[in-house]
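Colleague: Sequence isn't available, so here's the structure alone:
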Ligand SMILES: [Zn+2]
């Protein structure tokens with residue numbers, strides 16, 4: 001599982017999580033494979049070959065091997081889809097965050113959002129003040145000179 005490429009875009013994280021989900025889902029599906037009376041769960045090489053390596057009386061277990069393979073494949077498919085979905089959500093959320101990143105920028109956008117209708121902003125708590133309101137009724141600071 002060593003990759004020679006090392007870019008860090010959101011789609012790559014989705015691919016990585018999809019592969020992780022594939023492995024985890026396959027492992028869970030393999031763990032949940034059906035067991036046979038007196039034989040128990042079939043070994044991995046029997047499951048992955050869908051029973052092709054069975055011979056003699058063991059060929060009775062081919063159906064169980066195929067069922068085990070299907071369970072593991074279903075787990076891998078669900079894990080892949082789930083991992084891809086999680087990776088897409090995580091990768092997308094970091095790119096759609098357009099809010100100001102600093103408190104100073106947030107204050108600036110708040111100040112410019114107030115319409116210029118004669119009101120002025122308190123220099124301390126930034127509430128809109130009626131003209132010639134002094135001091136600020138909110139925090140008691142002197143009104144800004146206008
Ligand atoms: Zn104030």
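Modeller: All right, it came through fine. Since the model is a prediction, treat every value here as computed from it, not as a measurement.

Colleague: tell me the domain ranges of this structure?
Modeller: Following automatic domain parsing, the chain resolves into domains at 10-95, 105-146.

Colleague: where among those domains is the average confidence lowest?
Modeller: Of all the domains of the chain, mean pLDDT reaches its minimum on domain 105-146 (a mean of 73).

Colleague: can you list the domains of the chain in a markdown table and add mean neighbour count?
Modeller: Any C-beta I mention is one placed from the backbone N, CA and C, and that applies to glycine too. Formatted as a markdown table, those follow (neighbours: other C-beta atoms under 10 Å):
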| stretch | mean neighbour count |
| --- | --- |
| domain 10-95 | 16 |
| domain 105-146 | 12 |
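
Colleague: Would you reformat those as TSV and include distance to the ion?
Modeller: Formatted as TSV, those follow (distance: least, C-beta to the ion, whole Å):
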stretch	distance to the ion
domain 10-95	36
domain 105-146	3
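
Colleague: what ranges do the helices span in this protein?
Modeller: 10-31, 44-48, 62-95, 103-113 (DSSP state H).
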